[in-house]
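Asker: Please find the sequence and the predicted model below.
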Amino acid sequence: MVTMYYLGWRISEVLSLTWGDVLAPGGSPQTWVTLQRRHRKGHREGVTQPVTAAMARELCAYRDALAAAGRPILTADHLWPFNRQHAWRVISDACWRAGLGRRGIGCHGLRKRHGLDVHDDGMLRLKQGETSVNPMRLAQQSLGHKSQASTEHYLPFGDQAVYEARERLQRFTSPP
């Protein structure tokens, strides 16, 4: 689940990862992870993204837990030996146990949360004076969408949210 969130990838994309994709020959985490185009939606192009420190810690903990259980790590083996339906059950159960309920929770929810958090980070950077940042473009690139319209479907913007955003932006541009 953590890997899905950090990368912002679809469940099928994350489930296609092998240990060889995420671990260097010595067993330490790669600094970048590449998803081959055959595993991407539309099969148009692959994608390479950095491995965050938190994601590296999680991968190491998972690797160490498997080793402690006597399961060897083979580079050709998939990280998670289950299908999409099982992944959904795991995520659904984890959300239930965390008190989030099951309604509206699914594998794609982590991808959407990733996009929203990237967008929010861009908005924060704008607020702090980084005028060259475009929050929507950041979310679009992070999610790997070709069009901004696709990204807009991921972010929960209604008319009220747009109105409030315009009001807040007006405060940034208006003289004190």
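Answerer: Looks like it came in fine.
Asker: what's the following helix or strand after the lengthiest helix in the chain?
Answerer: Taking residue count as the measure and DSSP state H as the definition, the longest helix of the chain comes out as helix 107-127. Using DSSP states H and E, the helix or strand that directly follows helix 107-127 along the chain is helix 135-143.
Asker: Show me what that next one packs onto, helices and strands only.
Answerer: The helices and strands touching helix 135-143, judged by 3 or more C-beta pairs under 8 Å, 6 or more residues apart in numbering; DSSP states H and E, are helix 107-127, helix 148-154. Placement of C-beta: from N, CA and C, glycine included.
Asker: so which helix or strand takes in residue 12?
Answerer: With secondary structure defined by DSSP H and E, residue 12 is part of helix 11-15.
Asker: Can you list the buried residues in that helix?
Answerer: Of all the residues in helix 11-15, those buried under the rule 16 or more other C-beta atoms under 10 Å are 11, 13, 14, 15.
Asker: buried set for whichever helix or strand comes after that helix?
Answerer: Along the chain past helix 11-15, the next helix or strand (assigned with DSSP H and E) turns out to be helix 19-22. For helix 19-22, burial by neighbour count (16+ other C-beta under 10 Å) applies to 19, 21, 22.
Asker: Is it possible to get JSON lines of those that adds pLDDT and distance to residue 62?
Answerer: Shown next, in JSON lines, are these (pLDDT from 0 to 100; distance: C-beta to C-beta, whole Å):
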{"residue": "19", "pLDDT": "88", "distance to residue 62": "10"}
{"residue": "21", "pLDDT": "86", "distance to residue 62": "14"}
{"residue": "22", "pLDDT": "87", "distance to residue 62": "10"}
